[in-house]
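Enquirer: What follows is a predicted protein model with its sequence.
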Amino acid sequence: MFKNHPKGLIGAALSNMGERFGFYIMMAILALFLVSKFGLEKTEATTIYATFYALIYLLALAGGYIADKTKKYKGTIFAGLMLMTLGYAMIAIPTPTPVPNFALYLTLTCIGLFVIAFGNGLFKGNLQAVVGQMYDDPRYSDKRDTGFQIFYMFINVGALFAPMIATGIRNGWVQSHGFEYDPDLPALCHKLINGTITPEAMETFKRIAGEVSGGTVTDFSAFANEYLNIFNTGFHYAFAAAIVAMLISIAIYIANKKKLPDPSKKAAATAEAKAEIQMSSTEIRQRIYALFAVFAVVIFFWFSFHQNGVTLTFFANDYTDLSMIDINLGFTRIKGAEIFQSFNPFFVVFLTPIIIGIFGWLRSKGIEPSTPKKIAIGMGIAALAFVIMSIGSIGLPTSAEREALGGLTNAQRVTPFLLIGTYLILTIAELFISPLGLSFVSKVAPPHLQAVMQGCWLGATALGNQLLIIGTIMYENIPIWATWAVFVVACIISMFTMLAMVKWLERVAK
């Protein structure tokens, strides 16, 4: 797989595995943690989640600017790794639940999230720019798309295990204190403590409390406080797993640092040969216009795709029969809405060699689609995923109806294969868009703006993430099937917009 690729590729990918591990822990548990820790409504939790994920990508612009100005790309990447480690440590420290000072503890959590986001901004875009520069060498230039697909596959290896490890840590902590995991119980505990629980939900709470404790509960208020504290302490320890992954990534990065290209040396060489390779201002403008056109389109893909951390996770928690995926290890059980986040990286690792093989075969026949066409196809595939979700959600009660009941029985929930199939299709779409988008940016961006343009790609992702709140608002206020239908429309519009620009983008890329 790595034959005829730059030697630094595997080192760069392995260095990024820790970041992906932490990213997928956060994607799997952050929204649910905010709801269970602070008693936030889903829309409030999504506001924090969306802002955090927007900053992760938006701050890549600042990271790219810092690296381009200082020419210390490798130092900037290392600083990002260290800051992310510090941020995870801040969130991993257990604090009491229910929180004694809501504003203080929520603020501390948000500060920790900001530190992670800023560290990611220093790290992510610059490492991607370094990978792109490996393929500026004429020996590897024709393998740029494949190189980014391999890079994308390997960084997802860490992401594959992150949600399962986080779930196992949380459930193991709950189990060690004599309780069992239940997806509806944290919200019911908060409603009981706040005095907002309905009579129907109270009956559900009493039933679940007896089931998870293995006996008769007499003091429901005391039980609610104890369960919330234990449950969320388990969440804190789950965040700590990301610290271990980050430390491993730091060690790998230090060991492979010398194998990575030095962009500052390349910039100096470029300056010496400026008279020979300088682009005209017209060509630079055309390239930037083309890149920003693609950025505008992919905003709507990320708005749809990154629902996996919010509405799709809420759907897994609220409407999916979790009893069908329950791995009992004795000391813990791998069970919960969070584990669905493992399917996306699993499919990335499994499908990437297949996708690479298909593109390679098409290339040998001279009929491989251009990168812009691949991105457009990916948009259409993403629309198909949400069509399946919409059809599978017909007949489900609304979010308000479900909350009034205190949750659904397993018989009222949908099969987990609905979400698994959706993640399979969304992953195929992602492989047509994300790694190839990175490749397109590295190919089209003017040499002196490589890191900044990679940052702009991540900035477009940031805007898509900031729109995530719209998904949760729909999830809580309209029929569930209609929520997914909105994403179908967004992806289809994006696909046709991209197709309309294909010829222009292909011309600029050449």
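Expert: Arrived safely, thanks for sending.
Enquirer: tell me, which helix in the protein spans the most residues?
Expert: helix 220-256 (DSSP state H).
Enquirer: centre of the chain versus it, how much separation?
Expert: In terms of CA atoms, centre = their mean, to the nearest Å, the centre of helix 220-256 is found 18 Å from the chain centre.
Enquirer: Could you list the buried residues of that helix?
Expert: Residues of helix 220-256 classed as buried by neighbour count (16 or more other CB atoms under 10 Å): 220, 223-243, 245-246, 248-250, 252-253, 256. C-betas here are computed from N, CA, C, even on glycine.
Enquirer: any idea how far Lys143 is from Tyr131?
Expert: To be clear, residue 131 is Val; Tyr isn't right here. In this view, Val131 and Lys143 are 12 Å apart by CB to CB, to the nearest Å.
Enquirer: tell me what the longest helix of the chain is packed against?
Expert: Applying 3 or more CB pairs under 8 Å, 6 or more residues apart in numbering; DSSP states H and E, one finds that helix 220-256 contacts helix 8-38, helix 73-92, helix 144-176, helix 185-194, helix 199-213.
Enquirer: Which SSE is immediately downstream of the helix or strand of the chain with the lowest mean pLDDT?
Expert: When the helices and strands of the chain are scored by mean pLDDT, DSSP states H and E, helix 274-277 comes last with a mean of 43. With elements assigned by DSSP states H and E, the helix or strand that comes after helix 274-277 is helix 281-305.
Enquirer: in that following helix, what counts as buried?
Expert: Here helix 281-305 shows 286-288, 290-291, 293-295, 297-305 as buried, counting by 16+ other CB under 10 Å.
Enquirer: ok now it, how far from the chain's centre?
Expert: How far helix 281-305 lies from its chain's middle: 21 Å, per CA atoms, centre = their mean.
Enquirer: Same question for stretch 140-152.
Expert: A distance of 21 Å separates the centroid of the chain from that of stretch 140-152, by CA atoms, centre = their mean.
Enquirer: which residue sits closest to Gly309 in space, ignoring its chain neighbours?
Expert: Distances taken as CB to CB, 6 or more residues apart in numbering place Met27 nearest to Gly309, at 4.2 Å, with adjacent residues excluded.
Enquirer: and the one you found, what does it touch?
Expert: 163, 308-309, 313, 341 (CB atoms under 8 Å, 6 or more residues apart in numbering).
Enquirer: Distance check, it against Phe343.
Expert: Taking CB to CB, one finds Met27 at 12 Å from Phe343.
Enquirer: so where's the stretch 251-400 of the chain uncertain?
Expert: Residue ranges of the stretch 251-400 of the chain with pLDDT under 70: 262-278.
Enquirer: Tell me where the stretch 251-400 of the chain has strands.
Expert: Here the stretch 251-400 of the chain has its strands, by DSSP state E, counting those that start in this stretch, at 327-328, 333-334.
Enquirer: Including distance to Ala460 and mean neighbour count, could the ones you listed go into a markdown table?
Expert: As requested, these are exported to a markdown table (distance: least, CB to CB, whole Å; neighbours: other CB atoms under 10 Å):
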| stretch | distance to Ala460 | mean neighbour count |
| --- | --- | --- |
| strand 327-328 | 37 | 10 |
| strand 333-334 | 35 | 18 |
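Enquirer: Any chance of those strands in a markdown table with distance to Tyr53 as columns?
Expert: Converted to a markdown table, the strands of the stretch 251-400 of the chain look like this (distance: least, CB to CB, whole Å):
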| stretch | distance to Tyr53 |
| --- | --- |
| strand 327-328 | 28 |
| strand 333-334 | 25 |
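Enquirer: So for Ile193, which of the ones you listed sits nearest?
Expert: Across the strands of the stretch 251-400 of the chain, Ile193 has its closest neighbour in strand 333-334 (26.1 Å, CB to CB).
Enquirer: Direction included, what does the closest one pair up with?
Expert: Neighbouring strands of strand 333-334 in its sheet, by DSSP bridges, are strand 327-328 (antiparallel).
Enquirer: Show me what the strand it pairs with is in contact with.
Expert: With CB under 8 Å, 6+ apart as the test, strand 327-328 has contacts from 333-335.
Enquirer: and stretch 434-453, how far out from the chain's middle?
Expert: Counting by CA atoms, centre = their mean, stretch 434-453 is centred 21 Å from the centre of its parent chain.
Enquirer: Now for His177: which residues touch it?
Expert: Residues near His177 by CB under 8 Å, 6+ apart: Ile230.
Enquirer: check contacts around the nearest residue to Tyr152 once chain neighbours are set aside.
Expert: For Tyr152, ignoring the flanking residues on the chain, the nearest one in space by CB to CB, 6+ apart is Pro435 at 3.9 Å. Going by CB under 8 Å, 6+ apart, Pro435 touches 145, 148-149, 151-152.
Enquirer: quick one: which of these is nearest to Phe123?
Expert: Using CB to CB, the contacts of Pro435 come closest to Phe123 at Phe151, 14.2 Å.
Enquirer: Quick check: the closest one vs Gly11, distance?
Expert: According to CB to CB, Phe151 stands 11 Å off from Gly11.
Enquirer: of the two, who's got more company?
Expert: Comparing Phe151 with Gly11 by neighbour count (other CB atoms under 10 Å), the higher total belongs to Phe151, at 25 against 18.
Enquirer: just checking, the more buried one touches Ile10?
Expert: No. Using CB atoms under 8 Å, Phe151 is not in contact with Ile10, being 9.0 Å away.
Enquirer: what does stretch 71-84 contact?
Expert: Contacts for stretch 71-84 (CB under 8 Å, 6+ apart): 15, 18-19, 22, 63, 66-67, 70, 115-116, 118-124, 126-127, 129-130, 246, 249-250, 253-254, 257, 260, 262-264, 267, 451.
Enquirer: buried subset of these?
Expert: Buried among the contacts of stretch 71-84 (16+ other CB under 10 Å): 15, 18-19, 22, 63, 66-67, 115-116, 118-124, 126-127, 129-130, 246, 249-250, 253, 257, 260, 262-264, 451.
Enquirer: From those residues, which land in helices?
Expert: Members of those lying in helices (criterion: DSSP H): 15, 18-19, 22, 63, 66-67, 115-116, 118-124, 126-127, 129-130, 246, 249-250, 253, 263-264, 451.
Enquirer: Do I have it right that Phe303 meets Ala490?
Expert: Yes. Judged on CB under 8 Å, Phe303 makes contact with Ala490 at a distance of 6.4 Å.
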